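3D, please:
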Amino acid sequence: MTNRYSNILQDLKQITGQSFLITAKWNKEPYSKGWRYGSGSALAVALPGSLVEIWKILKVCVSNDIIILMQAANTGLTGGSSPFGNDYDRPVLIINTLRIKDIHLLQDGKQVVAMAGSSLFDLERKLSPLGREPHSVIGSTSIGASIIGGICNNSGGSLVQRGPAYTQMALYAKVNKNGTLELINDLDIDLGESPEEILNNLQSNNYNASDFIKSNKRASDDRYHEIVRDIDSDTPSRFNSDPRLLYDASGSAGKIAVFAVRLDTYKKPVKSQVFYLGTNNPDVFWKIRREMLSTFKVLPTSGDYLHRDCYEAAKKYSKDTFVILDKLGTKFLPTLFKIKRSVDLLSKKIPILPTYLSDKLMQCLSAIYPPHLPKKMEVFRDKYEHHWIVEMSDAGIEEARQYFKNFFDSNEGGFFECTEREGKKAILHRFTAASAFGRYAALKESNIGGTLSMDIAFPRNEKKWFETLPKTIDDKFEMKLYYGHLFCHVLHQNYIVKKGVDIPALKKELLAYYDSRGAEYPSEHNVGHEYKVKPTLLKFYRELDPTNSFNPGIGQTSKLKHWK
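Got it, this is the predicted structure:
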């Protein structure tokens with residue numbers, strides 16, 4: 001290491017303290033390797049304990065021409081919050097914000113200000129006594145994902161009424177076209193003049209109602225309920241490059257350093273009811289979707305789809321995750337992932353241990369655990385190919401109950417009302433299905449050619465929502481696992497590829513096929529390093545970060561300074 005970098009590391013240690021600057025390769029790996037995709041080298045990982053420390057670290061990076069990679073929980077599915085490869089033209093510093101978890105309640109919890117490392121799980125727990133809840137209440141919440149990570153990626157979530165994570169109110173830093181670091185306060189709260197004063201006042205909650213600035217800025221996507229009801233539109237209801245939702249921090253994907261965001265919260269339903277639907281004809285679900293979205297007075301809370309093959313894969317390969325969540329609750333899942341990562345890193349370091357050691361151990365343990373799914377679900381698994389878990393709340397419950405009774409009197413398929421316990425297990429089974437794909441690939445590594453995981457949004461008027469691939473493409477797959485959010489036509493399509501198949505060429509074929517159907521991709525996982533950024537999103541990135549100082553290479557763009 002050159003003297004220059006040694007001096008920079010010393011400067012950073014002066015800011016964070018010795019314990020919170022990680023330079024050892026082994027210790028950096030949990031931060032420099034993506035949760036499911038991608039990895040790369042980094043000069044160091046900084047773990048600041050305050051917003052002011054982040055600001056000071058940014059100043060060191062900008063003055064020394066160091067790439068800045070902002071990171072919180074590092075739970076992204078497309079590698080967008082970790083380095084990718086070792087071909088950057090400048091050293092990379094990862095700034096992990098998880099020590100800064102402050103959440104301030106505004107207006108009796110109707111809004112919040114969430115700091116850089118605060119999690120959806122912490123927000124859900126803080127809002128619960130007030131009878132309110134955050135934008136997302138399953139999925140990202142459970143794995144410990146950060147609030148700001150969701151905003152920066154316009155994360156979708158499974159909730160039909162709320163749309164992608166979005167706000168026009170944020171406090172963030174950017175590097176302007178002249179290479180100067182700037183702090184932008186768009187929280188509509190008067191916090192002072194200088195950057196350090198603003199950041200200190202915010203984190204210490206040193207502001208009151210008289211400091212709020214009246215404006216028309218939105219703190220949520222308050223139009224989505226209208227958009228998802230427009231069932232005859234030939235465009236998707238939500239996707240990551242939608243210009244409607246690209247605003248400062250929202251959709252920024254790490255191209256700025258976000259210190260805090262201001263968000264709306266939502267009234268928690270008094271009562272909820274889960275309905276479990278099954279059919280062998282995809283057109284049945286197409287018809288239900290259109291009728292519910294266009295005629296129901298109350299929109300569904302959620303509506304998650306699961307194909308029978310994915311049901312079976314989740315039953316076998318996600319059983320351990322299901323049982324842990326069912327018995328210990330979602331609060332344990334972030335800890336579980338940390339343990340899993342540590343075990344896998346250890347297996348890489350010790351040659352005699354097998355790869356994916358954690359997956360193999362957990363799979364063995366799950367095999368001896370008793371059956372975990374409700375009998376009614378298992379009956380539907382045998383009877384129907386397509387499964388749909390529809391949750392309704394309050395006044396919408398009776399509306400749905402009568403509709404399903406009348407509908408299935410004259411249409412193929414069936415439904416049942418879940419008990420509270422059955423409903424919880426149905427939703428949990430669908431959520432844990434996402435991990436079955438990775439587990440299968442890990443256990444069968446030597447027998448498969450690889451994997452592809454696609455995140456697709458189909459037009460709202462698309463009738464053929466269930467995929468039927470051309471035979472030339474279909475023959476290249478060993479297994480296909482389909483699940484998604486059916487009301488908004490967002491589908492997650494995971495493929496196990498046969499040995500000997502050229503995966504990059506196959507991916508191009510798949511994307512061309514999706515293009516021919518008017519689909520958008522990615523829909524909610526954002527581009528990361530897995531997808532090529534589309535022109536609208538690229539323009540937004542370049543406007544936010546003209547010198548390409550933050551997270552270069554995102555969306556398969558240039559990693560070079562000034563986007564060369």
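
Extract the C-alpha set from stretch 495-514 and format it as PDB.
What follows is the C-alpha trace of stretch 495-514 in PDB, where atoms were taken according to Å, rounded to 0.1, in the frame of the first residue of the first chain:
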ATOM      1  CA  TYR A 495     -34.400 -20.200 -14.100                       C
ATOM      2  CA  ILE A 496     -32.100 -23.100 -13.500                       C
ATOM      3  CA  VAL A 497     -30.000 -23.500 -16.700                       C
ATOM      4  CA  LYS A 498     -28.900 -26.700 -18.200                       C
ATOM      5  CA  LYS A 499     -25.200 -27.500 -18.400                       C
ATOM      6  CA  GLY A 500     -23.400 -26.400 -21.500                       C
ATOM      7  CA  VAL A 501     -25.800 -23.400 -22.200                       C
ATOM      8  CA  ASP A 502     -24.300 -20.000 -23.000                       C
ATOM      9  CA  ILE A 503     -25.900 -18.000 -20.200                       C
ATOM     10  CA  PRO A 504     -25.100 -14.500 -21.400                       C
ATOM     11  CA  ALA A 505     -26.500 -15.400 -24.900                       C
ATOM     12  CA  LEU A 506     -29.600 -17.000 -23.300                       C
ATOM     13  CA  LYS A 507     -30.200 -13.900 -21.200                       C
ATOM     14  CA  LYS A 508     -30.200 -11.700 -24.300                       C
ATOM     15  CA  GLU A 509     -32.700 -14.100 -25.900                       C
ATOM     16  CA  LEU A 510     -34.900 -13.800 -22.800                       C
ATOM     17  CA  LEU A 511     -34.700 -10.000 -22.700                       C
ATOM     18  CA  ALA A 512     -35.500  -9.700 -26.400                       C
ATOM     19  CA  TYR A 513     -38.600 -11.900 -25.800                       C
ATOM     20  CA  TYR A 514     -39.700  -9.700 -22.900                       C
END
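
now what about that stretch, what contacts it?
437, 440-441, 444, 447-454, 456, 469-470, 472-473, 476-481, 521 (CB atoms under 8 Å, 6 or more residues apart in numbering). No exception for glycine: its C-beta is placed from N, CA and C like everyone else's.

Now, those residues that are in strands?
Within these, residues falling in strands by DSSP state E are 450-454, 456, 477-481.

Now do Thr492 against Leu299, distance only.
Careful, residue 492 is His; it's not Thr. Spatial separation of His492 from Leu299 under the definition CB to CB, to the nearest Å is 22 Å.

Gly156: how many residues sit nearby?
Here the neighbour count serves as a burial measure; for Gly156 (other CB atoms under 10 Å) it reads 31.

Of all the helices and strands in this protein, which has the lowest average confidence?
Across the helices and strands of the chain, mean pLDDT, DSSP states H and E gives its lowest value to helix 333-349, namely a mean of 73.

so what secondary structure elements neighbour that one?
helix 25-32, helix 319-328, helix 357-367 (3 or more CB pairs under 8 Å, 6 or more residues apart in numbering; DSSP states H and E).

how far off helix 319-328 does that helix point, in degrees?
Angle, helix 333-349 to helix 319-328, by axes from the mean of the first three to the mean of the last three CA atoms, to 10 degrees: 140 degrees.

Quick one, which of the contacts of stretch 495-514 are buried?
Buried residues within the contacts of stretch 495-514, counting neighbours by 16 or more other CB atoms under 10 Å: 437, 440-441, 448-454, 456, 469, 476-481, 521.

I am finished for the moment; much appreciated.
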